[in-house]
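Engineer: Curious how this folds, go ahead:
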Amino acid sequence: MSEIWAILEYNEIAFHENSGELLAELTEVAQKLQHPTTVCAVIFAALDSSWPEMGLLPHPGIRCLYILEHPQLAQFTTDGYVAAMAWLIRQRRPLLVAASASANGRDWMPRLAVRLHLPFVPGCLGLDLQDDALLALRSVYEGRGYVQTRTSLHKRTALATLVPGVRGVPVKMQQSVTPMPSLTITRFTPEIPAGSEQERVRRIAIQAPSLEEVELDAAERIVAGGRGVGQEGFMHISAFARLVGAAVGATRVATDRGWVEHARQIGATGKSVHPKLYIACGISGAAQHTSGMREAQTIVAINPDRTAPIFALANLGLLGDANQILLLAADMIEQSTHT
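Structural biologist: Numbers count the residues shown, from 1 in each chain. Predicted coordinates for the structure are as follows:
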């Protein structure tokens, strides 16, 4: 039976949230194929290390889990992941191997493609396998357009990364009356040569970056300001962003006037973002800006103008002065944390 693999990332407690959408995407790909295909989850681990509870796999329909165990996989290293996955692909030759386009996925997946001379499509919004080819939906021109690419496989394994957040959080499947088969766990010990690259990498510590250092395209929450908040309004936006663990974004007008650095600009001439939560403060909703944030999962718009186009995109609209609303919201959050 053919196989499709999803490379899952996890911490000591649970799988990363983007694992669910990755598994859901590959499950749909497998269901469209004419021949029986199994979707397998794959994780990297050290020998005798602890994993997340397997019953918490983000997709209940996954019945197969491959665990690659090796001392050099205790922590992420580019060469270790590439060597381990190259070994497993040579052993089993799956149809497709996909990972999330996270910082780690963007680092090691292209190198895996080079190592094995396999076709690779990065930054996909959707995937499909048809007629020995990988079809991928991708964004172009900083999210202002979309294109579907076709990559001929010639019976080779396809590699791809899926942009986090494009599918949203998958809805949990309801329990079926028919009991589902238990999860089949298979352990492998890959052959990873002790090379000089591994010896040069030594983990010292992990330190989360400050909110000012978080790249907008990697932020899960963004509070953005526009002309309507004024220069002083960005002080309220920055304070509220720190309170809720969000990054700060801005429109072109705000960056052109020097209220915030240009690296924070979102839109056609700035960055395209895919956060789980996007709070638009004093932003009218011009196409130049919304082209860079319309793929946010949840959009909250705060604006005193009830005719502002941003409300057409918003999941929740608040009519009023963003500076005042942010102060009230901050007070409510602080009071709830102290009670």
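
Engineer: domains for this protein, by residue range?
Structural biologist: As assigned by automatic domain parsing, the chain contains the domains 2-200, 211-338.

Engineer: just checking, next helix/strand downstream of the helix or strand that contains Tyr81?
Structural biologist: Element membership of Tyr81 [criterion: DSSP states H and E] is helix 78-92. Where DSSP H and E defines the elements, the next helix or strand beyond helix 78-92 is strand 96-100.

Engineer: could you give the angle of that next one to helix 78-92?
Structural biologist: 150 degrees (axes from the mean of the first three to the mean of the last three C-alpha atoms, to 10 degrees).

Engineer: Alpha carbons of strand 96-100, in PDB - could you do that?
Structural biologist: Provided in PDB are the C-alpha atoms of strand 96-100 (Å, rounded to 0.1, in the frame of the first residue of the first chain):
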ATOM      1  CA  LEU A  96       4.700  12.400  -0.600                       C
ATOM      2  CA  VAL A  97       6.500  13.800   2.400                       C
ATOM      3  CA  ALA A  98       5.200  17.100   3.800                       C
ATOM      4  CA  ALA A  99       6.200  19.300   6.700                       C
ATOM      5  CA  SER A 100       4.900  22.600   8.100                       C
END
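
Engineer: Figure out how far the helix holding Tyr81 is from the centre of its chain.
Structural biologist: With C-alpha atoms, centre = their mean, to the nearest Å as the basis, helix 78-92 stands 22 Å off its chain's centre.

Engineer: Could I get the average pLDDT for that helix?
Structural biologist: When pLDDT is averaged along helix 78-92, the result is 94.

Engineer: Spell out the secondary structure type for Thr307.
Structural biologist: Assigned by DSSP: H, G, I helix; E, B strand; the rest coil, the conformation of Thr307 is coil.

Engineer: got the phi/psi numbers for it?
Structural biologist: Thr307 has phi and psi values of phi -90, psi 10 when expressed as degrees, to the nearest 10.

Engineer: and it, how many neighbours?
Structural biologist: Counted by other C-beta atoms under 10 Å, the residues lying close to Thr307 total 7. No exception for glycine: its C-beta is placed from N, CA and C like everyone else's.

Engineer: cool, the one 10 residues further on as well?
Structural biologist: In terms of burial, Gly317 registers 17 neighbours under the definition other C-beta under 10 Å.

Engineer: ok, and the helix or strand in the protein with the lowest average confidence?
Structural biologist: Within the chain, no helix or strand scores below helix 196-200, which has a mean of 53 by mean pLDDT, DSSP states H and E.

Engineer: What mean pLDDT does the next helix or strand after it get?
Structural biologist: Going down the chain from helix 196-200, the next helix or strand is strand 221-225, by DSSP H and E. If you average the pLDDT over strand 221-225, you get 94.

Engineer: Next SSE downstream of strand 221-225?
Structural biologist: By DSSP H and E, the next helix or strand past strand 221-225 is helix 230-244.

Engineer: coming back round to it: would you mind pulling the contact partners of the helix holding Tyr81?
Structural biologist: 3, 7, 42, 44, 66, 68, 70, 72-73, 97, 104, 107-108, 111-112, 115-116, 118, 157, 188, 190-193, 195, 197-198, 201 (C-beta atoms under 8 Å, 6 or more residues apart in numbering).

Engineer: and if you look at stretch 127-146?
Structural biologist: Residues contacting stretch 127-146 (C-beta under 8 Å, 6+ apart): 25-26, 29, 32-33, 95-96, 98, 119, 121, 123-126, 147-155, 158, 160, 162-163, 268, 270-272, 291-292, 294-295.

Engineer: can you do 7 Å?
Structural biologist: 25, 29, 32-33, 95-96, 98, 119, 121, 123-126, 147-155, 158, 160, 162, 268, 272, 291-292, 295 (C-beta atoms under 7 Å, 6 or more residues apart in numbering).

Engineer: Let's see which of those end up in strands.
Structural biologist: The strands, defined by DSSP state E, take in 96, 98, 121, 123-124, 126, 147-152, 158, 160, 162 from the contacts of stretch 127-146.

Engineer: Give me the angle between the longest helix along the chain and helix 230-244.
Structural biologist: Criterion DSSP state H: the longest helix present in the chain is helix 322-338. Here helix 322-338 runs at 20 degrees with respect to helix 230-244, directions being taken by the same axes, to 10 degrees.

Engineer: Only the buried residues of helix 322-338, if you could.
Structural biologist: With burial defined by 16 or more other C-beta atoms under 10 Å, the residues of helix 322-338 counted as buried are Ala322, Asn323, Ile325, Leu326, Ala329, Ala330.

Engineer: Grab the two from these that are most spread out in space.
Structural biologist: Using C-beta to C-beta, the buried residues of helix 322-338 reach their maximum pairwise distance at Ala322 and Ala330, which is 12.1 Å.
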